[in-house]
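Engineer: got a structure for you, letters missing:
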Ligand code: ATP
Ligand code: MG
């Protein structure tokens, strides 16, 4: 049996065509089913539906053989025990520093100000500000980062941006690029040895089919 860990939403949707290229068709839609283990058209392949940030943990411990996880999530997890053979080039976005419109971030940095930065991505943020020589106090949040500067919890946020619509709706502007993000295939290292043929066929099919549909 090959177990593949996916999260609901954009990762599931953007992985469906890659699964199809490997001859794998989920028997149910996770948006409509409450099941956490989904069978597929192949008796030897099943999907497990987990939180986006839990995908690396399932694969690291071998509870799933393969998974699809954002590079943002992988950097926070650290990647121990995971083989990362493929950038699938799906769920593309950018990790950015954003501040309330009117706040002069670059001037504050130039003045050597100590900034309070709210984020779910503390590891990536710590690395970024250390590299830039910016003094920060990081505040860990689990979601709705855009709210933090609006209610005085933070001066800035580090968050994922794609269209910028959520930032604009909350009067925030992106002021600095942290890193480009897309989702990657992760593989349990022991499983790759034990189930080599089955997993390699899926890896090859994903490699041939990856990339933006547009
Ligand atoms: P959870 O809902 O469990 O807190 P999440 O909000 O990170 O997790 P998703 O929104 O499905 O879950 O995001 C999954 C992955 O998709 C992220 O880790 C990131 O790599 C990518 N992603 C997040 N937001 C966007 C976006 N706006 N556009 C494109 N890709 C995104
Ligand atoms: Mg989300």
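Structural biologist: Looks like it came in fine. Small disclaimer: the values here were computed from a predicted structure and weren't measured. Ligands and ions are numbered 1, 2, ... in the order given.
Engineer: could you find the closest non-adjacent residue to the residue of the chain found nearest ligand 1?
Structural biologist: In the chain, the residue that lies nearest ligand 1 is residue 70 (2.1 Å; C-beta to the nearest ligand atom). For glycine as for every other residue, the C-beta is placed from the backbone atoms N, C-alpha and C. Excluding the flanking residues, the one nearest residue 70 by C-beta to C-beta, 6 or more residues apart in numbering is residue 183, at 5.1 Å.
Engineer: in contact with the residue nearest to residue 135 when sequence neighbours are not counted, which residues?
Structural biologist: Take residue 135 and drop its neighbours on the chain: the residue closest to it by C-beta to C-beta, 6+ apart is residue 114, 4.4 Å away. Counting by C-beta atoms under 8 Å, 6 or more residues apart in numbering, residue 114 makes contact with 135-137.
Engineer: reformat these as JSON lines; add distance to ligand 1 and secondary structure.
Structural biologist: JSON lines is the format used below for these (distance: C-beta to the nearest ligand atom, whole Å; DSSP: H, G, I helix; E, B strand; the rest coil):
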{"residue": "135", "distance to ligand 1": "27", "secondary structure": "strand"}
{"residue": "136", "distance to ligand 1": "22", "secondary structure": "strand"}
{"residue": "137", "distance to ligand 1": "23", "secondary structure": "strand"}
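Engineer: filter these down to the buried ones.
Structural biologist: Taking 16 or more other C-beta atoms under 10 Å as the criterion, what is buried in the contacts of residue 114 is residue 136.
Engineer: which member of the contacts of residue 114 is positioned nearest residue 194?
Structural biologist: Nearest to residue 194 among the contacts of residue 114 is residue 136, at 43.6 Å by C-beta to C-beta.
Engineer: ok, what's across the strand from the residue nearest to residue 70?
Structural biologist: For residue 183, the beta-bridge partners under DSSP bridges are residue 70, residue 90.
Engineer: can you give me the helices in the chain?
Structural biologist: Ranges of helices within the chain are 10-21, 55-60, 71-77, 105-110, 122-132, 147-150, 165-169, 189-194, 196-209, based on DSSP state H.
Engineer: so which bits of the fourth one are buried?
Structural biologist: Residues of helix 105-110 classed as buried under the neighbour-count rule (16+ other C-beta under 10 Å) are 105, 108-109.
Engineer: low-confidence stretches in the chain?
Structural biologist: Under the criterion pLDDT under 70, the flagged ranges of the chain are 211-214.
Engineer: ligand 1 contacts on that one?
Structural biologist: Applying C-beta under 6 Å from any ligand atom, we find that the chain lies next to ligand 1 at 7, 9-11, 51-53, 70, 72-73, 91-93, 143, 160, 162, 181, 183.
Engineer: relative to residue 57, how far out is residue 79?
Structural biologist: Using C-beta to C-beta, to the nearest Å, residue 79 is found at 11 Å from residue 57.
Engineer: quick one on the thing from earlier: show the contacting residues for the residue of the chain closest to ligand 1.
Structural biologist: By C-beta under 8 Å, 6+ apart, the contact list for residue 70 reads 11, 52, 91, 181-184.
Engineer: now residue 1: closest residue in space that isn't a chain neighbour?
Structural biologist: Nearest residue to residue 1, sequence neighbours excluded (C-beta to C-beta, 6+ apart): residue 44, at 5.8 Å.
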